[in-house]
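**Q** predicted model, plus sequence, below.
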Amino acid sequence: MLWSGWGDPGRAAPLPEPVVALLRDLLGVRPAEAPPVALADVEVPETRLAADGLTALAKIVGDRNVRADTESRVRHTRGKSTTDLLRIRAGETSDAPDAVVLPGTHDEVLAVLRACAERRIAVVPFGGGTSVVGGLAPSGLAPSGLAPSGLAPSGLAPGGVDAFIALDLRRMDAVVSIDDVSRTAVLQPGLRAPAAEAALAERGYTLGHFPQSYEWASIGGFAAARSSGQASAGYGRFDDMVVALTAATPEGTLELGRAPKSAAGPDLRQLVLGSEGALGVITSVTVRIRPVPEAKAYEGWRFASFAEGAAALRRLAQDGPQPTVLRLSDETETMVGLADPAEIGAGASAGCLAVLGFEGTPERVAGTRAGAADVLRAAGGEPLGTGPGEKWEHGRFDAPYLRDSLLDAGAFAETLETAAFWTDVPALYEAVREALTGTLSEAGTPPLVMCHISHVYPSGASLYFTVVSAQGGDPVGHWARAKRAAGDAIIDAGGTISHHHGVGTDHRDGYAREIGPLGAAVLQAVKDRVDPSGIMNPGVLIPPESRDCQ
């Protein structure tokens, strides 16, 4: 993973000059004043870990698996949001971890957590490092540690912590077992998604989980953030796939999931899924797997308006037949060509582009395509053939590279997402667009705001917004205000603060409004039981006032 950007450095390419000119003329984008700093020139703060702490950790995982060198710490600093990248490109590493620890087993994870709890060392689980919501930088750590006080940041027990480590799970990367009878597989958390798919494919299976972060994200990250893949219409979200899991906490082990479904009380698996390392470390998941599809087909459809296309998608989601992939770009995203990053700025035709994908046996694919075509035509859709769908499928993981190229050209590019019931989708769409446009325009960087429906359900859908503007004098501050305004608009319009990116620190205040004071207090009570020292990813997920609500 590129330390100051996304993925494979060899896949990033400069923007074509016509696109640069379009950004300049439309949004006032100008080249960045200074290039990103070189990795060799980046400095990190002096580690706050005492020698006895490093020694204790090394005794658990081995000397070579405790790293406090500059490059290791830089590569584990924050995640991959645009503001994360802007800060790291400027050499800003104030919240770099004090060390990186690489456990190899569940028991080693347990031992590390206990050692850290004894020494007031915060622990941030690290998989692929692809968080875009502030999920990898604990809040509340002063440069010299926190002096004891009764006013601890969210998630911290009174007294706080003095340092933090990134708990890199890459050594725990095995496919532990595959059960052909139940069609399940046990996977370790550090296993990257492409490696998991390759191993399953050797036995004729697939997870069917392909989020945009697919090439770099890990299995543990999918579970911890409730990830949703681009083929969720056919395969479900990742939390739908998990039938059992194991988690290590400072207070011991959680073994959850004895059967695919149960009436034995609340499902505690769902408490750990989406917990983002605030309650413990997921050390294995048992997931549902499916046979590799014999046939695949992707195609495009055009609708006159976003509202018309959304109505067509709702009909398919509610009454079928259900494609495996079902997406709809709004007029602006279609016009710019963002649905096909390779063609951005090429001047796509008017209307809204829908992309559908079908997987399964040849007979199922043919039947579902024909049935879906009848529904779409009746809803006003115009078939565009397989070209647009195949272009999307070929470039489905390219957008983060495009984001890096936009940053290099001096533009600001970021995304946010939400979901709501179908009834609330139109108002939610307008409210978020207005919040983003108004806030950034007031800052002197009027944006281009694009949106697509990326996941559908019988009762609702998710909206995924992409924002492009000039960087201006304070892009980090401008985006913080814009995202706060968008978050308020989402909650006021009845949406959820996150459909698949997670909560982290960015969405924590919105999450607090979403679940209410009592819900926040329940989460804090669970954290106090499994993590009484407050070392697990402090400041992430758990709303700030949750202790006051108890």
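**A** Perfect, I can see it now.
**Q** could you pull out the strands for the stretch 51-200 of the chain?
**A** Along the stretch 51-200 of the chain, counting by DSSP state E, counting those that start in this stretch, strands occupy 66-67, 99-101, 121-126, 163-168, 175-179, 184-187.
**Q** tell me which strands and helices the lengthiest helix in the chain is in contact with?
**A** Using DSSP state H, we find that the single longest helix of the chain is helix 508-530. Helix 508-530 is packed against helix 475-492, with contacts defined by 3 or more CB pairs under 8 Å, 6 or more residues apart in numbering; DSSP states H and E. Heads up, the C-betas are built off the backbone N, CA and C, glycines and all.
**Q** for the helix it packs on, packing partners?
**A** Based on contacts counted as 3+ CB pairs under 8 Å, 6+ apart, the elements that helix 475-492 packs against are helix 82-89, strand 411-421, helix 425-442, helix 508-530.
**Q** find the nearest non-adjacent residue to residue 413, please.
**A** Distance criterion CB to CB, 6 or more residues apart in numbering; nearest residue to residue 413, sequence neighbours excluded, is residue 406 at 4.3 Å.
**Q** helix, strand or coil for the one you found?
**A** helix (DSSP: H, G, I helix; E, B strand; the rest coil).
**Q** check residue 455 too.
**A** Applying three-state DSSP: residue 455 is strand.
**Q** and it, what does it touch?
**A** For residue 455, the contact set (CB atoms under 8 Å, 6 or more residues apart in numbering) comprises 228, 232, 233, 237, 419, 461, 462, 499, 500.
**Q** ok, the fourth one touching residue 225?
**A** Right, the one you point to is residue 237. No. Counting by CB atoms under 8 Å, residue 225 is not a contact partner of residue 237; they are 10.7 Å apart.
**Q** anything in contact with each of the two?
**A** Joint contacts of residue 237 and residue 225 (CB under 8 Å, 6+ apart) are residue 500.
**Q** those two: which has the busier surroundings?
**A** residue 225 (30 against 20; other CB atoms under 10 Å).
**Q** got the contact list for that one?
**A** Residues near residue 225 by CB under 8 Å, 6+ apart: 131, 135, 274, 276, 500, 501, 502.
**Q** again, but for residue 124
**A** 97, 136, 137, 138, 164, 165, 166, 167, 277, 537.
**Q** out of the residues you listed, who's nearest residue 249?
**A** residue 277 (10.7 Å; CB to CB).
**Q** check what pLDDT that closest one gets.
**A** If you check residue 277, the pLDDT there is 97.
**Q** do residue 50 as well
**A** pLDDT, residue 50: 91.
**Q** how about the nearest residue to it, chain neighbours excluded?
**A** Counting by CB to CB, 6+ apart, the residue nearest residue 50 is residue 119, at 7.7 Å.
**Q** again, but for residue 32
**A** Leaving aside its sequence neighbours, residue 32 sits nearest to residue 410 (CB to CB, 6+ apart; 4.6 Å).
**Q** tell me, how many residues neighbour that neighbour?
**A** Residue 410 has 19 neighbouring residues, counting by other CB under 10 Å.
**Q** count the neighbours of residue 229 for me.
**A** As a burial measure, residue 229 scores 26 neighbours (other CB under 10 Å).
**Q** just give the closest residue to it, not the sequence neighbours.
**A** residue 209 (4.1 Å).
**Q** show me what contacts the residue nearest to residue 50?
**A** So residue 119 contacts 50, 52, 53, 56, 162 (CB under 8 Å, 6+ apart).
**Q** please redo it, this time with the cut-off set to 10 Å
**A** Contacts for residue 119 (CB atoms under 10 Å, 6 or more residues apart in numbering) come out as 49, 50, 52, 53, 56, 57, 161, 162, 163, 533, 535.
**Q** does the residue nearest to residue 229 count as helix, strand or coil?
**A** coil.
**Q** wait, isn't it in contact with residue 221?
**A** No. With contact defined as CB atoms under 10 Å, residue 209 does not reach residue 221; the gap is 11.4 Å.
**Q** who touches both of the two?
**A** Shared contacts of residue 209 and residue 221, defined by CB under 10 Å, 6+ apart, comprise 193, 227, 238.
**Q** of the residues you listed, which is the nearest to residue 283?
**A** Of all the shared contacts of residue 209 and residue 221, residue 283 sits closest to residue 238, with 16.4 Å by CB to CB.
**Q** so which of the contacts of residue 119 sit within helices?
**A** Residues from the contacts of residue 119 lying in helices, with DSSP H as the criterion: 52, 53, 56, 57.
**Q** neighbours around the closest residue to residue 214 other than its chain neighbours, how many?
**A** Distances taken as CB to CB, 6+ apart place residue 193 nearest to residue 214, at 4.9 Å, with adjacent residues excluded. Residue 193: 23 surrounding residues under other CB under 10 Å.
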